[in-house]
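Student: the following block contains a protein sequence and its predicted model.
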Amino acid sequence: MSTQKKLMTNWRWWLCSLLFVATTVNYLDRQVLSLTYEEFIKPEFHWTDAHYGTITSFFSIFYAICCLFAGKFIDWMGTKKGYIIAIAVWSFGAVLHAACGWGTTLFVDGVDSVAALKALDVASTSSNVLLAISTTSVYLFLLCRGILALGEAGNFPAAIKVTAEYFPKKDRAFATSIFNAGASVGALAAPLCIPPIAKALGWEWAFIIIGGLGFLWIFFWQFMYEKPEKSKHVNAAELEYIHQDDEAEAAEAQKAAADAADEKSISLLAAFKFKQTWAFITGKFFTDGVWWFFLFWAPSYFQNQFGHKASDPMGQALIFTLYAIVTVVSIFGGYLPKIFVEKKGMNPYAGRMRAMLIFAFFPVAALFAQPLGMHFNSAWWPAILIGLAGAGHQAWSANLFSTIGDMFPKSTVATITGIGAMAGGVGSMIIQKVAGNLFVHAEEMGSAFTFFGFEGKPAGYFIMFCFCGIAYVLAWSIMKSLVPKYKKVNI
């Protein structure tokens, strides 16, 4: 065995590094809009926050819908082609954002070039032209975000499939954690690279350069990936290592088939008869949108409330700090229920629910973000407190998904997961749309719009932070009332 290890190739880890890069690019492409919206795109297209809320809400629900079918598409097309198509689609969608200015000039009379669009004098331009510019550009961005969501939905199903093909069971969790870290790296890298590109070259180039990374990735994937049995880079020793679980997995597959024959399947409508389904729906519906709200609106918040643009060093530092806290603190999310189960002797569901209650109080920190930030006139308070809230969400979310396996038989897990994903998408869509409209209304009302001592748009932000702060405790309470004790669903 020691000789095998010395002679074994390690091509699987090179492919794992490619998965990491793809996930990083996935997250970068998703962040370009939020980091260019307030400073560059909003003034050029004469958007309001309501327009931006419409775009982010559409992305949320359409991405959730696409996720329901992405896994089946990857299985149908195969890993190599499926991944190429997914990243080509989302990269095309990302780059296509850059053409929205040009596209707007094609449909709006009186604005015949992008240069004229950028140089437009609002004071001397009719309201009809401004309305046409904002409306047309919103529809074009909706199209681009739809294409982006369609492709991005395929990333995780494809990456997980590659790890199953190239890694034995004992290494899969580690390999998954490596490529999944790309989401955190992408979130940390985004504020450091996207705003400077937009400031130096124009916001269009931020979409083109970041989106173009996906096409570069395809080049490497095309030549580096083949199934282990066909790859010239995988020698016999590595192939033997990869397939070390084959016999055991075959036995497990036979057992699973036998179990599946005994287990009854469940229809989509029948799933809604169980309180456990509604518990999971509640957890996703109330909380998924909170994460997306912070993701989409934080850069705009720092600029509006504290004057720190995303392209300025201070703005970059704030967003980087926020996601650094999320990345570091959320790592411990998976350990807490393990402690309750192994050390306290609790059943898995009870241990997980107790851990989720603790994590549900992390977002309460968001209640103090606005008051402390405004009192001390410092954006560092909101950055840190929103970071803690985001870390709580990530830990909460990881445990929430695990409750499906606690409560439902294996034959129903995929169905319940899909229902929950849709619930989360709907909840996120509502939150983004409400936030955009609320901010516009609060800003228009000015001092006439008040909430706990805040006036105008700051009051609007505080309202949203209040909801985000209590959403998890509210969701946990409803879940607990629906399923007070561990009870497995019997079909």
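Tutor: In hand now; what should we look at? Numbering: from 1, shown residues only.
Student: tell me where the model's unsure across the protein.
Tutor: Low-confidence segments of the chain, defined by pLDDT under 70, span residues 1-6, 173, 247-265, 333-334, 414, 491.
Student: domain ranges for it?
Tutor: Under the assignment named as automatic domain parsing, the residue ranges that make up the domains of the chain are 11-225, 271-491.
Student: could I get these as JSON lines with distance to Asp245?
Tutor: C-beta here means a position set from N, CA and C on the backbone, and glycine is covered the same way. Putting the domains of the chain into JSON lines (distance: least, C-beta to C-beta, whole Å) gives the following:
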{"stretch": "domain 11-225", "distance to Asp245": "5"}
{"stretch": "domain 271-491", "distance to Asp245": "19"}
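Student: so can I have a markdown table of these showing distance to His233 and mean neighbour count?
Tutor: Written out in a markdown table, the entries for those read as follows (distance: least, C-beta to C-beta, whole Å; neighbours: other C-beta atoms under 10 Å):
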| stretch | distance to His233 | mean neighbour count |
| --- | --- | --- |
| domain 11-225 | 4 | 19 |
| domain 271-491 | 32 | 20 |
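Student: can you tell me the centre-most residue of the protein?
Tutor: The residue lying closest to the centre of the chain (C-alpha atoms, centre = their mean) is Trp292, at 6.9 Å.
Student: what sits closest to it if chain neighbours are left out?
Tutor: In space, Trp292 comes closest to Ser428 once its chain neighbours are excluded; the distance is 4.6 Å by C-beta to C-beta, 6 or more residues apart in numbering.
Student: which residues does the one you found contact?
Tutor: Contacts were defined as C-beta atoms under 8 Å, 6 or more residues apart in numbering; by that measure Ser428 touches Ser57, Ser60, Ile61, Ala64, Asp288, Gly289, Trp292, Phe293.
Student: what helix or strand is it located in?
Tutor: helix 413-445 (DSSP states H and E).
Student: okay, strands next: where are they in the protein?
Tutor: Read by DSSP state E, the chain holds these strands, from start to end of the chain: 450-451, 454-455.
Student: how about those, which one is nearest Phe40?
Tutor: Smallest distance to Phe40 across those (C-beta to C-beta): 27.5 Å, for strand 454-455.
Student: parallel or antiparallel, list what pairs with the closest one.
Tutor: strand 450-451 (antiparallel) (DSSP bridges).
Student: contacts for the strand it pairs with?
Tutor: By C-beta under 8 Å, 6+ apart, the residues outside strand 450-451 that reach it are Ala459, Gly460, Phe462, Ile463.
Student: same check on stretch 214-226?
Tutor: Under the contact criterion C-beta under 8 Å, 6+ apart, stretch 214-226 has outside partners 14-15, 18, 21-22, 25, 29, 79-80, 83-84, 87-88, 90-91, 94, 162, 231-233.
Student: go with 6 Å
Tutor: The contact list for stretch 214-226 (C-beta atoms under 6 Å, 6 or more residues apart in numbering) reads Ala22, Val25, Lys80, Ile84, Ile87, Ser91.
Student: circling back: please tell me how far the helix holding Ser428 is from the chain's geometric centre.
Tutor: When distances are taken as C-alpha atoms, centre = their mean, to the nearest Å, helix 413-445 is centred 13 Å away from the chain's centroid.
Student: with distance to His51 added, can I get the contacts of stretch 214-226 in a markdown table?
Tutor: Output for these, formatted as a markdown table (distance: C-beta to C-beta, whole Å):
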| residue | distance to His51 |
| --- | --- |
| Ala22 | 31 |
| Val25 | 27 |
| Lys80 | 39 |
| Ile84 | 34 |
| Ile87 | 28 |
| Ser91 | 25 |
